[in-house]
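S.K.: quick check, what structure comes out for this input:
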Amino acid sequence: MKKILILTCNTGEGHNSAAQAVKTALLRRGADCVTADPVGFSSERAKKFVSSFYNNLIRKTPAAFGAMYKMGDLYSSTRLTSPVYLANASYADSLLSYIKESGVDAVVCTHLYGMEAMTAIAKKGETDIPCYGVLTDYTCIPFLAETRLSAYFVPHDEIKRELAEKGIPEERIFASGIPVDARFSEHPDSFSARESLGIEEGKRVFLLMTGGIGCENMVKLCGELVSACGDNDIVFVLTGRNDGMKSRLDEKYGTDGILRTVPFTRHVETYMSAADVMISKPGGLSSTEAAVVNVPLVFVNAIPGCETFNARFFSGLGLAKSAASDREAVAFAMELAGDRALSDAMRRLQRENINPRAAEEIAAAVMGS
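M.R.: Sure, this is the predicted structure:
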């Protein structure tokens, strides 16, 4: 039995969701899997700080994150060793000790920090166990090119070319797609989903996603959307782990009208299946999940950085519409909800470009090593 260490970080839900999808697929193949936050090998305090700092930044001041991302991209272009690498290399010895003592046969990383730490370990030459990187956004993120892994699993052939241009050996890059949980590819049909959610027949359903941490910049959009809706419409707002935002929305709109809030849920696929249109930030994981479920998509309020590239990728291939404002997002949503040919064309392009079996293909590659 192979023992696989999966390294992920609690910086948003995407990296953890991808890690869990790969883990589930590996367990099906008989692997023994352990999931860990690589920063925890530095200290528990460091792990909590990184998670708290990132999530508060994204939730409250996404523009600040965008500025940091741009700086990282500029620094990465210099090809100098980054401070990100040095920070993660600092706990490489602790991580290596764990790998040796635990009998780990391979490592899978769904976050850059783990990839950087494993690169530092590889440079020491004290172990030859394979390490795999799984990208969770539709771009080559800053500092990825300084990593040295056995293989990289990327979302699409277009991203494969981008990594190769940044200097990563092409023979190590595989366009698997982003791994999502099997429940998204095995999602209920629209009728069953609506029935389970208690949605009356004939209703139009709009799904508004705010991300796992519940980003505040989606609140204004709720008002725009409700104003455009009629008595035959329902707006589900998934507020993630942001209880304060949920309370404010409930207080403003009530709990039995057009707008209905949903706290963090493990049944996102049911809401996606029930929706005529989904409006969301362009997170790499949530966008992929939606495309696998095959729901028409509208993007708005992208956090500068990865999400900007995600929106550009999806809209460029016709997998989603990308709005420059809340008002435009609502207009796009109404257009898709009212034009069956337009929404069906988007669904077809999603099926052609997004691989629902990415987790299984990644697991097969890891187990075959």
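
S.K.: how about residue 26, what does it touch?
M.R.: 4, 33, 363, 366, 367 (Cβ atoms under 8 Å, 6 or more residues apart in numbering). Bear in mind the C-beta positions are built from the backbone N, C-alpha and C, glycine included.

S.K.: so the first one sits in a strand?
M.R.: Spelled out, that is residue 4. Yes: counting by DSSP: H, G, I helix; E, B strand; the rest coil, residue 4 is part of a strand.

S.K.: how close does it sit to residue 305?
M.R.: 29 Å (Cβ to Cβ, to the nearest Å).

S.K.: cool, and the third one?
M.R.: Here the criterion is Cβ to Cβ. By it, residue 363 lies 29 Å from residue 305.

S.K.: same check on the second one?
M.R.: In this structure, residue 33 lies at 30 Å from residue 305, with Cβ to Cβ as the measure.

S.K.: just the strands in the stretch 101-250 of the chain please.
M.R.: 106-109, 131-134, 151-154, 173-175, 204-209, 233-240 (DSSP state E, counting those that start in this stretch).

S.K.: neighbour-wise, which of residue 33 and residue 305 wins?
M.R.: A direct count of neighbours by other Cβ atoms under 10 Å for residue 33 and residue 305 places residue 305 higher, at 22 against 19.

S.K.: ok, the residue lying closest to residue 236 once chain neighbours are set aside - contacts?
M.R.: Closest residue to residue 236 apart from its sequence neighbours, by Cβ to Cβ, 6 or more residues apart in numbering: residue 207 at 5.1 Å. If you count contacts by Cβ under 8 Å, 6+ apart, residue 207 has them with 235, 236, 238, 271, 272, 274, 275, 277, 278, 279, 280, 295.

S.K.: just the buried residues of the one helix or strand residue 344 maps to, please?
M.R.: Element membership for residue 344 (DSSP states H and E) is helix 340-353. By neighbour count on 16 or more other Cβ atoms under 10 Å, the buried set for helix 340-353 is 343, 346, 347, 349, 350, 353.

S.K.: could you redo those as a markdown table and give each row distance to residue 134 and pLDDT?
M.R.: Shown next, in a markdown table, are the buried residues of helix 340-353 (distance: Cβ to Cβ, whole Å; pLDDT from 0 to 100):
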| residue | distance to residue 134 | pLDDT |
| --- | --- | --- |
| 343 | 30 | 98 |
| 346 | 26 | 98 |
| 347 | 26 | 98 |
| 349 | 24 | 98 |
| 350 | 21 | 98 |
| 353 | 18 | 97 |
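
S.K.: what's the closest of the residues you listed to residue 89?
M.R.: Closest approach to residue 89 among the buried residues of helix 340-353 (Cβ to Cβ): residue 353, at 36.3 Å.

S.K.: burial of the closest residue in space to the closest one that isn't next to it in sequence, as a residue count?
M.R.: In space, and not counting its chain neighbours, residue 353 is closest to residue 317: 5.6 Å by Cβ to Cβ, 6+ apart. The tally of other residues near residue 317 (other Cβ under 10 Å) stands at 17.
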